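Colleague: Build me a model:
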Amino acid sequence: MADKKRIIIIGGVAGGASAAARARRLSEEAEIILIERGEHISFANCGLPYHIGGQIPDRNRLLVQTPESMTRRFAVDVRVRSEVTHIDRKAKTVTVSDLAKGQTSEEAYDTLILSPGAEPVRPGLPGADLAGVFTLRTLRDMDAIKAVVDGGTCHKAVVIGGGYIGLEMTEALIDRGVTVSLVELEPQVMGPIDPEMADPVHQELSLHGVDLHLGVSVTEIQDKASCVAVQTSAGRSLEADLVIMAVGVRPEVALARQAGLSLGGRGGIAVNPHMQTSDPNIYAVGDAVEVQDFVGGFDTLIPLAGPANRQGRIAANHLFGRKSTYKKTQGTAICKVFDLAVACTGLNEKILKKRGMAYEKVYVHPASHAGYYPGAAQMSLKLLFDPKQGKILGAQAVGTDGVDKRIDVLAVALRAGMTVFDLEDLELCYAPPYGSAKDPVNYAGFVAANVLNGDAALCHVSDITAPKTDQVLLDVRSPGEVRAGTIPGSMNIPVDELRSQLGDMDRDREYLVFCQVGLRGYLACRVLTQNGFKARNLTGGYKTYCAMTGQGQRPQT
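Modeller: A predicted model of the protein is given here:
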């Protein structure tokens, strides 16, 4: 029968397990062999920090499928503690080493699917291989870290790297009563978002007692009598009972390279939209592959669980003759940092600048739901869009409630090729406990559309911090707000008093207007421009100014 294929899948976590299950659903005739180097398959590696932190007390909850349950339900030949060491593309065989028995065997395949994942980066710095230094990728890693924390002698930890794993492990350790120093090479944590959007995250980390070291590197890890000492480029020595190395991951491509498969410019396995490698009988999925960015069209690496699962399904679909394709990636992601949620989709401003792509941006700071209903919390939302047509390029949000909902809506809008004008018209759920009559997504659309329609010209923090001689900074907040802090050199006319003072203002100068979050500034600009004045509104207001200039709480280095 046409479906009687022999499929070997290398790697049994997200992409590999998804491919195996989909392949079985499509064919009862196929012989499916799933080979996994570790002891477990299909485990929730995104949940590892939460078991260490105690939020998921039952370790078994992380096991989506066991080898036994996978075999029972899907009739898959699951071989754990087995490693493929060689691929012979001409003979269409793989060499498998049984790590438990110390034996090797040859297995033939009709189709091979590679899902090797990505490996944690261990920088080649002195002391990186000391006993107290850990990375987190597998259940074994998790168990080892948890054993140290559970032992009762772990009081101080250093987390190196402020990405997803670094932030999640920082929270987990703080929740377990461990004092944490977080060291990040870049001047911000959470690289996929822009610096000003990371500022609330820095404040949240400091609020929870994290000793934050930004813009510094680790130069050495020294072995002390009862601990280790992490030396930083800023000259600090941070003593720790535990060190978590979370500086990033790199695609595992050794097997693909040995087999002579093409690699991409970013070091991942090159695949076509069907997830086929340069050998049409070999597919590759998950963290090890390069895919195209949905917005920019360039090759990128996206080590996220959602794309890996979809790619496994697509590979299985295609090998059974279905015209299934991976439609690029937009990097939609979210991270919990104590009481904050940080989420993004599409391109950030850093990448847009680096690639020379034209863009405009707006900031809004709306409430998560109707302000009169208890529990409303302010969020910050940044929307990036094409300055001519208004097509959405990316979005980021930070807040305590409702962040995931708004970024998910914007992710769908971006995927659909929608513009900021479309956001104005979206009909979204509204009831006071859940949203507002003007949802934050609508609100962002209104603000961006006003810019493109010419209703309000924008200025940005870079304009405010270096005004020209013919420009005046105008703070339209109340005197009480101004006394609490304002932008140096600005004059103050509350928006409700503006019309009465127009006669004292200079029509030959341009007014750079700001309020707390941008709404009153917009109203003031409408008054000024309709009365013959030149005016631009600071998008996001004084709140965004503080985030971009470091006026909020800043970490020590």
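Colleague: Could you pull out the strands in the stretch 51-200 of the chain for me?
Modeller: 77-79, 82-88, 93-98, 103-108, 111-114, 118-120, 133-134, 156-160, 179-184 (DSSP state E, counting those that start in this stretch).
Colleague: looking at the chain, which helix or strand is least sure?
Modeller: Counting by mean pLDDT, DSSP states H and E, the weakest-scoring helix or strand in the chain turns out to be strand 118-120, with a mean of 90.
Colleague: contact partners of that strand?
Modeller: 135-137, 245-252, 286-288, 301, 303 (C-beta atoms under 8 Å, 6 or more residues apart in numbering). To be clear about C-beta, it is placed using only N, CA and C from the backbone, and glycine gets the same treatment.
Colleague: Partner strands of that strand and their direction?
Modeller: Here strand 118-120 has these sheet partners by DSSP bridges: strand 249-251 (antiparallel).
Colleague: Would you mind listing the residues in contact with the residue nearest the centre of the chain?
Modeller: In the chain, the residue lying closest to the centroid (C-alpha atoms, centre = their mean) is residue 333, at 4.3 Å. Residue 333 is in contact with 164, 192, 304, 343-345, counting by C-beta under 8 Å, 6+ apart.
Colleague: For PyMOL, what selects the buried ones among those residues?
Modeller: Buried members of the contacts of residue 333 can be picked out in PyMOL with the line below, counting by 16 or more other C-beta atoms under 10 Å:
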select buried, resi 164+192+304+343+344+345
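Colleague: And the pLDDT for residue 124?
Modeller: pLDDT, residue 124: 85.
Colleague: ranges for the helices of the stretch 451-557 of the chain?
Modeller: For the stretch 451-557 of the chain, the helices defined by DSSP state H, counting those that start in this stretch occupy 461-465, 479-483, 519-530, 541-549.
Colleague: quick one: the residue nearest to the centre of the chain from residue 361, how far?
Modeller: 19 Å (C-beta to C-beta, to the nearest Å).
Colleague: By residue count, tell me the biggest helix in this structure.
Modeller: When the chain is scanned for its longest helix (criterion: DSSP state H), the result is helix 305-319.
Colleague: Please verify my assumption that residue 478 contacts residue 494.
Modeller: Yes - counting by C-beta atoms under 8 Å, residue 478 touches residue 494, with 5.5 Å between them.
Colleague: Just to be sure, residue 29 is in a helix?
Modeller: No - remark: residue 29 does not belong to a helix; assigned using DSSP: H, G, I helix; E, B strand; the rest coil, it is coil.
Colleague: Now the phi/psi pair for it, please.
Modeller: phi -90, psi -30 (degrees, to the nearest 10).
Colleague: Nearest residue to residue 528 in space, please, no chain neighbours.
Modeller: Nearest non-adjacent residue to residue 528, counting by C-beta to C-beta, 6 or more residues apart in numbering: residue 535, 3.9 Å away.
Colleague: and what of residue 50?
Modeller: Per C-beta to C-beta, 6+ apart, closest to residue 50 is residue 56, 4.6 Å.
Colleague: The one you found against residue 46, yeah?
Modeller: No - judged on C-beta under 8 Å, residue 56 makes no contact with residue 46 at a distance of 10.8 Å.
Colleague: burial of residue 400, as a residue count?
Modeller: Neighbourhood size, residue 400 [other C-beta atoms under 10 Å]: 16.
Colleague: what are the phi and psi values for the closest residue to it other than its chain neighbours?
Modeller: In this structure, residue 400 finds its nearest non-sequential neighbour in residue 377, 4.5 Å apart by C-beta to C-beta, 6+ apart. Here is the backbone geometry of residue 377 (degrees, to the nearest 10): phi -130, psi 140.
Colleague: Residue 377 and residue 340, how far apart?
Modeller: Distance, residue 377 to residue 340, by C-beta to C-beta: 10 Å.
Colleague: Burial check on residue 105, number of neighbours?
Modeller: Residue 105 is flanked by 12 other residues according to other C-beta under 10 Å.
Colleague: so where's the protein shaky on pLDDT?
Modeller: The chain contains residues with pLDDT under 70 at 1-3, 552-557.
Colleague: which of the strands of the stretch 51-200 of the chain sits most buried?
Modeller: Highest mean neighbour count of the strands of the stretch 51-200 of the chain: strand 111-114, a mean of 28 (counted as mean count of other C-beta atoms under 10 Å).
Colleague: In its sheet, which strands sit next to that strand, and in what direction?
Modeller: Strand 111-114 has its sheet partners listed here by DSSP bridges as strand 6-10 (parallel), strand 282-284 (parallel).
Colleague: From the rest of the structure, what touches the first one?
Modeller: The list of residues contacting strand 6-10 from outside it, by C-beta under 8 Å, 6+ apart, reads 16, 19-20, 23, 30-35, 84, 94, 107-116, 255, 319.
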